[in-house]
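Student: sharing a sequence plus its predicted fold:
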Amino acid sequence: MNHTLVCSDPEIMGGTPVFRGTRVPEGFPSVTREQVIAFREEAKDRLVESVS
């Protein structure tokens with residue numbers, strides 16, 4: 001299983017690092033570190049709930 005959150009592909013936005021599966025750049029200026037952490041925590045919680 002690939003757990004890489006960020007990927008770089010020449011076919012996606014000219015190789016700009018983006019969040020995997022999106023075209024959202026890794027350095028998206030309006031997204032704060034706290035928002036990313038909160039998002040990842042919520043996603044983890046939902047995943048845990050779905051397998052319980």
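Tutor: On my side now, so go ahead.
Student: please make it C-alpha for all contacts and neighbour counts, starting now.
Tutor: Noted.
Student: and the pLDDT at residue 15?
Tutor: If you check residue 15, the pLDDT there is 95.
Student: which residues touch it?
Tutor: 8, 9 (CA atoms under 8 Å, 6 or more residues apart in numbering).
Student: burial count for residue 37?
Tutor: 11 (other CA atoms under 10 Å).
Student: that's a strand at it, yeah?
Tutor: No. Residue state for residue 37 (DSSP: H, G, I helix; E, B strand; the rest coil) corresponds to helix; a strand is not indicated.
Student: state the pLDDT value of it.
Tutor: As predicted, residue 37 sits at a pLDDT of 88.
Student: roughly how far does it sit from residue 31?
Tutor: Taking CA to CA, to the nearest Å as the measure, residue 37 and residue 31 are separated by 10 Å.
Student: three-state assignment of residue 23?
Tutor: Following three-state DSSP, we place residue 23 in the coil state.
Student: thought it was touching residue 14?
Tutor: No. Counting by CA atoms under 8 Å, residue 23 does not reach residue 14; the two are 10.5 Å apart.
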